[in-house]
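Enquirer: 3D model of this:
(chains A and B)
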Amino acid sequence: GEDVEQSLFLSVREGDSSVINCTYTDSSSTYLYWYKQEPGAGLQLLTYIFSNMDMKQDQRLTVLLNKKDKHLSLRIADTQTGDSAIYFCADPSSASKIIFGSGTRLSIRP
Amino acid sequence: IAGITQAPTSQILAAGRRMTLRCTQDMRHNAMYWYRQDLGLGLRLIHYSNTAGTTGKGEVPDGYSVSRANTDDFPLTLASAVPSQTSVYFCASSDGGNSPLHFGNGTRLTVT
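Expert: Numbering: from 1, shown residues only, chains lettered A, B, ... in the order given. The predicted structure follows:
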C-alpha cells in the first residue's frame, strides 16, 4: 500500500542548514506537502510543491522533488531555535487518504 | 479567527467509559478528518467525511464512530474506551481533493 517514510530525529547547530528527507510510494498526487508541528499544537502547512516541479524556494525554505526516486526533501537555511518542531511530509494520494510520514523531530544545538 | 476548534483540550477517562471529542470548523470546508498521533507512528486516519451526511473509515476505525449532521461539526465518539486509545487526537478539515488540511490544536486523551 501507499507509504511515506521519514527519519525520526535530526539535530543541527544553530545557523547551519537542516535537511529533512522523505520517501513516498504513491506518485499520483498533484501536490506534496510539508507540515510543521510545534509543541502542544496541531500541524500547520509549511510549504508545498506541485508534482510537476523539481524545486520550490520560499525564503529560508527549499523543497526538492525527485520524482524518479520518489524522494522529497525540505531544506531550512540558517536554522534558528524557532525552527525546533516536528516536520511531517504528506502525500495526498486521494481526498480521503492523505498519507503522513511519521514526522522528523528537529532539535537545534547552540 | 477562522479555524478549527477542538474540545476538550485534554481528558483523563476511565476504561469502559463513553467519550465524545468535539470538533467544529468555521471555514465551510466540505471534508473533515479525525487523526490520532502516537509517538513513532505519525498520524493515522481514524474516520473521515467528504461532505455533510457522509462518513468513511480510515486506517484505524475500530472502537470509534463519527457523525456529520452538518458542515461545521464532526464529533468523534469512543463507545467504551480502552487504554490503547490513549493518544492525541486531531481534527482537520479541507476543501477536498488535494487541498491542504487545516488542523485543530488536538485533544490529549488518557484512558486509565
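Enquirer: switch to C-alpha atoms for all contacts and neighbour counts from now on
Expert: OK.
Enquirer: now name the helix or strand holding the residue nearest to the spatial centre of chain B.
Expert: Taking C-alpha atoms, centre = their mean as the criterion, B:Trp34 is the residue nearest the geometric centre of chain B, at 3.0 Å. According to DSSP states H and E, B:Trp34 maps onto strand B:31-38.
Enquirer: what of B:Arg28?
Expert: Per DSSP H and E, there is no helix or strand for B:Arg28.
Enquirer: report the closest residue of chain B relative to chain A.
Expert: Across chain B, no residue is closer to chain A than B:Gly42, which sits at 3.6 Å (C-alpha to the nearest C-alpha).
Enquirer: contacting residues for the nearest residue to A:Ser107 once chain neighbours are set aside?
Expert: Among residues not flanking A:Ser107 along the chain, A:Ser11 sits closest, at 4.8 Å (C-alpha to C-alpha, 6 or more residues apart in numbering or on different chains). With contacts defined as C-alpha atoms under 8 Å, 6 or more residues apart in numbering or on different chains, A:Ser11 is in contact with A:106-109.
Enquirer: next, count neighbours for A:Phe50.
Expert: 14 (other C-alpha atoms under 10 Å in any protein chain shown).
Enquirer: tell me which of the contacts of A:Ser11 is nearest to B:Met27?
Expert: A:Leu106 (30.8 Å; C-alpha to C-alpha).
Enquirer: thinking again about what came up before, in its sheet, what does the strand holding B:Trp34 sit against?
Expert: strand B:42-49 (antiparallel), strand B:87-94 (antiparallel) (DSSP bridges).
Enquirer: CA atoms only: put the last one into CSV for me.
Expert: This file holds the C-alpha atoms of strand B:87-94, laid out as CSV (Å, rounded to 0.1, in the frame of the first residue of the first chain):
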residue,chain,number,x,y,z
SER,B,87,-3.4,9.3,22.3
VAL,B,88,-3.5,12.8,21.0
TYR,B,89,-6.5,13.3,18.6
PHE,B,90,-6.5,15.8,15.9
CYS,B,91,-9.5,17.0,13.9
ALA,B,92,-8.8,18.5,10.4
SER,B,93,-10.7,19.9,7.5
SER,B,94,-10.1,20.8,3.9
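Enquirer: and for the helix or strand following that strand, what's in contact with it?
Expert: With elements assigned by DSSP H and E, the helix or strand that comes after strand B:87-94 is strand B:102-103. Strand B:102-103 is contacted from outside by A:42-45, B:3-4, B:90-94, using C-alpha under 8 Å, 6+ apart.
Enquirer: again with stretch A:34-44
Expert: With C-alpha under 8 Å, 6+ apart, stretch A:34-44 has contacts from A:45-48, A:74, A:84-90, B:90, B:102-106.
Enquirer: mean confidence for that stretch?
Expert: In this model, stretch A:34-44 has an average pLDDT of 92.
Enquirer: can you mark which positions in it are buried?
Expert: A:34-37, A:42-44 (16 or more other C-alpha atoms under 10 Å in any protein chain shown).
Enquirer: as CSV, the residues you listed with distance to B:Gly56 and secondary structure would be great.
Expert: Formatted as CSV, those follow (distance: C-alpha to C-alpha, whole Å; DSSP: H, G, I helix; E, B strand; the rest coil):
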residue, distance to B:Gly56, secondary structure
A:Trp34, 25, strand
A:Tyr35, 24, strand
A:Lys36, 26, strand
A:Gln37, 26, strand
A:Gly42, 22, coil
A:Leu43, 22, strand
A:Gln44, 24, strand
